[in-house]
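Engineer: starting from these lines, generate the structure:
(one chain, ligands or ions: 1)
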Amino acid sequence: MGGRSGESLVSCCGQCRGIEAVFDDSAARRDLRRYRRKGATGSTRQLIDAIAAEGVAGLTFLDIGGGIGQVQHELMACGARGGTSVDASPAYLQTARDEAVRRGYGDRMRYLGGDFVTRANDVEAAEIVTLDRVICCYPDMPALLGAAAPLARRTLGIVFPRNTPFIRAGVAIVNFVQRLRRHPFRGYIHDPDEVEAVLARHGLRRRSLREGFLWRVMVYGRNRQSPAA
Ligand SMILES: C[S@@+](CC[C@H](N)C(=O)[O-])C[C@H]1O[C@@H](n2cnc3c(N)ncnc32)[C@H](O)[C@@H]1O
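Structural biologist: Have a look, this model is predicted:
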């Protein structure tokens with residue numbers, strides 16, 4: 001397991017309860033209000049721009065841990081054909097669906113609830129797969145990325161926290177407070193070399209990297225010689 005939370009691995013069972021508690025109705029409403037006001041910003045904007053630069057018109061996507069659907073709304077606005085959203089938070093999934101209906105493309109989306117690792121067999125491959133700030137919510141990065149990577153026919157975009165002493169310390173403090181509160185949610189810092197190794201095993205090579213203070217934004221592409229499974 002590559003997760004470094006400053007404490008032992010918790011099962012996804014506990015983590016998924018934590019996800020539901022953190023990413024609840026009121027957080028979803030707040031995030032949607034902010035997105036409607038400001039659009040996609042920061043690392044999410046960078047991810048969308050990097051993917052859109054390669055062209056998305058007519059392509060399908062799979063957004064894992066898509067939250068309120070920022071990536072989905074933006075890719076659809078860029079001409080994507082449609083996609084699938086998988087999220088462990090029922091509140092976020094419903095918010096993404098309602099917003100897609102409001103924007104007029106609900107019929108071109110599919111929504112699946114639950115832990116992606118356990119739902120991956122129910123999901124079709126897509127040209128574009130995205131995980132925007134998701135692996136930091138999940139203890140078993142190789143399982144999550146190992147399930148996602150084979151479904152990316154062309155591109156996989158990922159945003160996750162940088163593995164710096166400052167950020168590791170911040171996550172350890174937050175996790176310590178969570179433990180004192182007996183809250184099941186934990187954050188995880190994963191080693192970028194391990195992330196890259198998992199994706200390389202599935203034939204994905206890095207095409208771009210952007211680093212901010214907190215987040216790494218990376219886009220991977222598939223070689224012609226290594227088609228998706
Ligand atoms: C920090 S939010 C990011 C949401 C969105 N991608 C964004 O950047 O605005 C993390 C999201 O990942 C989802 N998530 C975390 N682990 C997941 C898993 N194993 N399977 C499905 N969804 C997951 C959470 O429910 C939550 O919606």
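Engineer: partner strands of the lengthiest strand in the chain and their direction?
Structural biologist: For the chain, the strand with the greatest residue count under DSSP state E is strand 152-161. Strand 152-161 pairs in its sheet with strand 126-132 (parallel), strand 215-222 (antiparallel), by DSSP bridges.
Engineer: Thr155 is in contact with Val219, correct?
Structural biologist: Yes - applying Cβ atoms under 8 Å, one finds Val219 in contact with Thr155, separated by 6.3 Å. Every residue, glycine included, has its C-beta placed from N, CA and C.
Engineer: find residues that contact each of the two.
Structural biologist: Both Val219 and Thr155 are in contact with 51, 54, 207, where contact means Cβ atoms under 8 Å, 6 or more residues apart in numbering.
Engineer: hmm, which of those is lowest in pLDDT?
Structural biologist: Lowest pLDDT of these: Glu54, 94.
Engineer: who wins for neighbours among the shared contacts of Val219 and Thr155?
Structural biologist: Neighbour tally across the shared contacts of Val219 and Thr155 (other Cβ atoms under 10 Å): the maximum, 24 neighbours, falls on Ile51.
Engineer: and that one, how far is that from Lys38?
Structural biologist: Distance, Ile51 to Lys38, using Cβ to Cβ, to the nearest Å: 20 Å.
Engineer: quick one, what contacts Thr44?
Structural biologist: Neighbours of Thr44 in contact, by Cβ under 8 Å, 6+ apart: 70-71, 132-133, 159.
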